[in-house]
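J.: got a sequence here, can you build the structure:
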Amino acid sequence: MSHKKKVLVIFGGKSSEHEISRISATSILKNINYEKFYVFMLGITKEGKWLPYNGPVEKISSGEWEEAALRENAATHTGDNVLINSVMGNILVGDEALDSQKIKIDVVFPVLHGCNGEDGTIQGLLELAGIPYVGCGVLSSALAMDKVYAKIIFEKAGIPQADYLYFTRKEIADDFLGIAQKVEDKFSYPVFVKPSNAGSSVGVSKAADRNDLKKALDYAAKYDRKVMVEEFIDGREVECAVLGNDQPIASTVGEIVPSNEFYDYNAKYIDNKSKILIPADLPKDIVEKIREYAIRAYKALDCSGLSRVDFFVHRESMKVFINEINTLPGFTDISMYPMLWQESGISYSELIEKLIDLAIERFKDNIRQVDA
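T.: This is a model prediction of the structure:
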C-alpha cells in the first residue's frame with residue numbers, strides 16, 4: 001500500500017468564497033480515487049482556525065464539519081495548531097510533541113477560492129514548506145487574482161479586452177465626484193464595477209448611471225482596497241478550461257446563459273436557473289480563437305496545473321474579449337471546469353489524478369540549486 005500518495009485536501013478559508021470552497025472540496029473528495037490515494041482533510045474556518053477533519057465528507061458542504069472538528073481537536077490534542085515542518089514536508093497536527101501525529105504529505109490540493117487561498121498566499125506557505133501543491137504558483141496566482149495587473153499582462157500579450165479604470169478605496173471615499181467624472185469622460189453607461197481581488201462575482205455590480213456608480217463603488221470597496229471600473233461589452237459569456245504545465249492544452253468552449261442580467265454570485269450558485277451549454281454554439285473559427293487566447297493568457301501569467309479562462313463574444317461583431325482567468329476554478333458538480341474536460345474526454349476522477357501528477361512534476365521542475 002506504500003505506493004499510494006498521501007493527498008491533503010484543504011478547504012474553507014478566510015474568504016467571501018468560503019462556502020463555495022466547501023462545496024468544491026466535497027465534489028473532489030467524492031470523486032478522488034481512494035485506491036490510488038490516501039486522503040486527508042484540513043478545513044480553515046472563516047476566522048482562520050486550521051482544523052484537521054476526519055468525519056463524513058457530506059458534512060463539509062453543509063458546514064457541520066466545523067463543530068465536529070472542534071470537538072475532536074479538543075478531545076485529542078493539547079493545542080489546536082496545525083504546524084508545517086519545512087524540513088520534512090510534514091503536516092504536524094496538534095501538540096508538537098505528538099510525533100505520532102506527523103503525516104508526510106506527498107501533495108496538497110488547496111481547494112480554496114478567492115483571497116487567502118487562490119491569490120498566492122497559501123501557495124507561498126507551501127513553497128516555503130517544500131510541499132508540492134495542485135495549481136498555479138505564487139506569482140501566477142497573485143497576478144490572476146488581481147484583475148488590474150492581469151489586464152496589464154493581457155495587454156502586453158496582445159489579447160483583446162474591455163477598457164478599464166481603477167481606483168483605491170481611499171480615493172472612492174475622498175473624491176467620488178472626481179472619479180465619476182473620469183468614468184463618464186472615458187465610458188458611456190452602463191459600466192461594470194468590480195473588486196480587483198475577488199472571485200465568484202462577489203462585489204460585482206452593473207451601474208446604469210451616476211447614482212448606481214456610487215453604490216457600486218462603495219459595494220466593491222467592501223471586498224478590496226482596489227476597485228476596477230470596466231466598459232460594458234454586450235457579449236455572450238464563454239469559458240475555456242486549460243490543463244498542463246509547460247505544454248498546456250485547452251478544452252472545448254462552454255457558454256453560460258445567466259439567469260440574471262449578468263452571471264453574478266446568485267446566478268452561479270443559488271437560483272440554479274442559469275444554463276450551461278457545452279459545447280458552445282459558436283463558429284469553429286471563433287472557438288479556435290478562444291482556445292488560442294486561453295493558452296496565450298495561461299502562458300503569459302506563467303500558470304501551471306489548471307485555470308479556467310473566461311471570455312465575452314460580442315453579440316454583433318463576434319469579436320472575442322478576455323474577461324479574466326481563474327487559477328482555482330469551481331469544482332462543484334455544476335462547475336464549468338470539470339464539465340468542459342468531461343466533454344473533452346477526461347473524467348472527473350482522471351482530472352484529479354492528472355492535476356496531482358502535474359503538481360509533482362512542477363515541484364520537481366522548480367527545484368533550484370543552492371550553492372553552499
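
J.: who touches stretch 159-170?
T.: With contacts defined as CB atoms under 8 Å, 6 or more residues apart in numbering, stretch 159-170 is touched by 148, 151, 154-155, 179, 182-183, 186-187, 192, 196, 217, 221, 224-233, 293, 296-297, 300, 312, 319-323. (C-beta placed from N, C-alpha, C; glycine too.)

J.: could you do stretch 119-134 as well?
T.: So stretch 119-134 is in contact with 10, 84-87, 89, 105-110, 112, 115-116, 135-142, 145-146, 197, 305-306, 355-356, 358-360, 362-363, going by CB under 8 Å, 6+ apart.

J.: for the spatially most central residue of the chain, which non-adjacent residue is closest in space?
T.: Closest to where the C-alpha atoms of the chain average out (CA atoms, centre = their mean) is residue 328, at 3.0 Å. Leaving out its chain neighbours, the residue that sits closest to residue 328 by CB to CB, 6 or more residues apart in numbering is residue 118, at 4.4 Å.

J.: quick check, that neighbour in contact with residue 324.
T.: No - the criterion here is CB atoms under 8 Å, and residue 118 misses it with residue 324 at 11.9 Å.

J.: ok, the residue nearest to residue 328 to residue 183 distance?
T.: In this view, residue 118 and residue 183 are 28 Å apart by CB to CB, to the nearest Å.

J.: comparing the two, which residue is more hemmed in?
T.: Taking neighbours as other CB atoms under 10 Å, residue 118 and residue 183 compare with residue 118 leading, 29 against 21.

J.: helices and strands of the protein: which one bottoms out on pLDDT?
T.: Within the chain, no helix or strand scores below helix 265-269, which has a mean of 50 by mean pLDDT, DSSP states H and E.

J.: so what strands line up beside the next helix-or-strand element following that helix?
T.: Counting by DSSP states H and E, the element after helix 265-269 in chain order, helix or strand, is strand 275-277. With DSSP bridges as the test, strand 275-277 is paired with strand 249-257 (antiparallel).

J.: contacts for the partner strand?
T.: For strand 249-257, contacts defined as CB under 8 Å, 6+ apart pick out 236-243, 263, 274-282, 287, 290-292, 294-295, 336, 339-341, 343-344.

J.: can you select the buried ones among those for me in PyMOL?
T.: Buried residues within the contacts of strand 249-257, by 16 or more other CB atoms under 10 Å, are selected in PyMOL with:
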select buried, resi 236+237+238+239+240+241+242+243+263+274+278+280+282+287+290+291+294+295+336+339+340+341+344
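
J.: among the contacts of strand 249-257, name the ones in helices.
T.: Within the contacts of strand 249-257, residues falling in helices by DSSP state H are 287, 290-292, 294-295, 336, 339-341, 343.

J.: report the two of those separated the most.
T.: Farthest-apart pair in those is 292 and 339; separation 21.3 Å (CB to CB).

J.: let's verify residue 43: helix, strand, or coil?
T.: The local conformation at residue 43, judged by DSSP: H, G, I helix; E, B strand; the rest coil, is strand.

J.: residue 337 and residue 302, how far apart?
T.: 19 Å.

J.: scratch that, residue 22 is what I was asking about
T.: Distance, residue 22 to residue 302, using CB to CB: 29 Å.

J.: between the two, who's got more neighbours?
T.: Of the pair residue 22 and residue 302, residue 22 is the one with more neighbours under other CB under 10 Å, namely 23 against 14.

J.: I'd guessed the more buried one sits against residue 61; true?
T.: Yes - look at residue 22 against residue 61 with CB under 8 Å: they come within range, at 5.2 Å.

J.: for this protein, which spans come out with low pLDDT?
T.: For the chain, the stretches flagged by pLDDT under 70 are 1-2, 75-102, 199-200, 259-273, 371-372.

J.: show me it divided up by domain.
T.: Domains of the chain are assigned by automatic domain parsing as 5-133, 144-160+234-365, 164-231.

J.: how about the strands of the stretch 51-200 of the chain, start to end?
T.: Per DSSP state E, counting those that start in this stretch, the stretch 51-200 of the chain carries strands over the ranges 82-85, 90-93, 102-104, 107-111, 164-168, 191-195.

J.: show the contacting residues for residue 22.
T.: Applying CB under 8 Å, 6+ apart, we find residue 22 in contact with 11-12, 43, 60-61, 63, 65.

J.: next: residue 203.
T.: Counting by CB under 8 Å, 6+ apart, residue 203 touches 16, 194-195, 219-220, 222-224.
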